[in-house]
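> Quick one: sequence and predicted model below, then my questions.
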Amino acid sequence: MDKILSLAGFQLKVKAYIELIKLKLTLAVVFSGVFGYCLAADVLVWWKLAMLIVASISITGASNIINQIIEKESDKLMKRTAGRPLPTGRLTVGEAAGFAFLLFSIASFLFVEVFNVRAAALAVLSLLLYGFVYTPLKTKGQVAVWIGALPGAFPPMIGWVAATNHFGWAPGILFAIQFFWQFPHFWAIGWLAFDEYKKAGIQMMPGDGKTTETAFRIMIYTLFLIPIGWLPYMLGMTGINSALVAMVGGILFLAQTFHLMRTCTDKAALQMMFGSLLYLPIVQIVYLFDKV
């Protein structure tokens, strides 16, 4: 009986640790990193790709843990976060910090030993910006979204640099696409969670409420995706087909922001959020298939 209880307790701990790294979000980040690596690499080395996945999961998971340690108290105030491992006490701050350090160590070792110091530096900078700059700033004002968009746009650039060991216009363009994509994506989430964020003292939208003015600002940032989507083709990274798909995707995404401006409803914001979740992976996959 004691062994059964012990096993059950162990399984609950493992489940809590998996929740702590926000696995679904982490895998989305990893996908962007793998995209950048595959787009840059002349020849895919599968074991290196596997190591990139492990390193990316580790650095992203560590960042997410730091975020939750800092936001432990505010997470208790919001319904969508109150059930996380730290607010519920399923894991202690010490356990979470130890796990974050372990993941950070794994990621740092792999990026340096398997890839290169430049990719490692970008990964560490991403963690520092997300965990120690963006997270505390979330209660200070809307500037947090700008800061948070920086590490959020790093993954495809990290993947590119891991494959090539150099910077340049190409990884910069991949960064720019993901950078501008994040604003409508996170502002749609901010719209849907506006009341909960307000209760926790967090301001995530570019306005004072669910208004036409706020929706207009969201539209402006979405507009950037249409010309930026052409840049990989113009730099000779991809073919014309992917540029056309990116343009059509950008126009459809933009149409959703117009719908939000017209209606100012949670339903329109939810549709826009799902649209953002489709736009980025579809465009990245098409870029890969149309790689020059």
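Perfect, thanks for sending it.

> count of residues packed around residue 167?
As a burial measure, residue 167 scores 14 neighbours (other C-beta atoms under 10 Å). C-beta coordinates here come from the backbone N, C-alpha and C atoms, glycine included.

> Report the spatially nearest residue to it, omitting neighbours in sequence.
Distance criterion C-beta to C-beta, 6 or more residues apart in numbering; nearest residue to residue 167, sequence neighbours excluded, is residue 161 at 6.4 Å.

> Relative to residue 118, how far out is that neighbour?
In this structure, residue 161 and residue 118 are 5 Å apart, going by C-beta to C-beta, to the nearest Å.

> shared neighbours, these two?
Overlap between the contact sets of residue 161 and residue 118, as judged by C-beta atoms under 8 Å, 6 or more residues apart in numbering, is given by residue 167.

> for the helix or strand harbouring residue 135, packing partners?
Applying DSSP states H and E as the criterion places residue 135 in helix 135-137. When contacts are defined as 3 or more C-beta pairs under 8 Å, 6 or more residues apart in numbering; DSSP states H and E, helix 135-137 packs onto helix 46-70, helix 143-164.

> winner for burial among those?
Mean neighbour count, computed with mean count of other C-beta atoms under 10 Å, is highest for helix 143-164 among these, reaching a mean of 23.

> Please name every helix or strand in contact with the helix or strand following it.
Stepping forward along the backbone from helix 143-164, the first helix or strand reached (DSSP H and E) is helix 169-192. Helix 169-192 makes packing contacts with helix 23-40, helix 143-164, helix 212-223, helix 225-228, helix 231-234, helix 240-263, helix 266-289 when contacts are defined by 3+ C-beta pairs under 8 Å, 6+ apart.

> distance between helix 169-192 and the chain's centre?
9 Å (C-alpha atoms, centre = their mean, to the nearest Å).

> re the thing from before, residue contacts, the residue nearest to residue 167?
Under the criterion of C-beta under 8 Å, 6+ apart, the neighbours of residue 161 are 116, 118, 119, 122, 167, 171.

> again, only using 10 Å
With contact taken as C-beta atoms under 10 Å, 6 or more residues apart in numbering, residue 161 is in contact with 36-37, 40, 111, 115-123, 154, 167-168, 171.

> Buried subset of these as a ChimeraX selection?
Buried residues among the contacts of residue 161 (16 or more other C-beta atoms under 10 Å), as a ChimeraX selection:
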select :36,37,40,111,115,116,118,119,120,122,123,154,171
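
> can the helices and strands packed on helix 135-137 go into TSV with extra columns for mean pLDDT?
Rendered in TSV, the data for these read as follows (pLDDT from 0 to 100):
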stretch	mean pLDDT
helix 46-70	96
helix 143-164	94
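
> Quick one: closest of those helices to residue 90.
Within the helices and strands packed on helix 135-137, the stretch nearest residue 90 is helix 46-70; the backing value is 11.9 Å (C-beta to C-beta).
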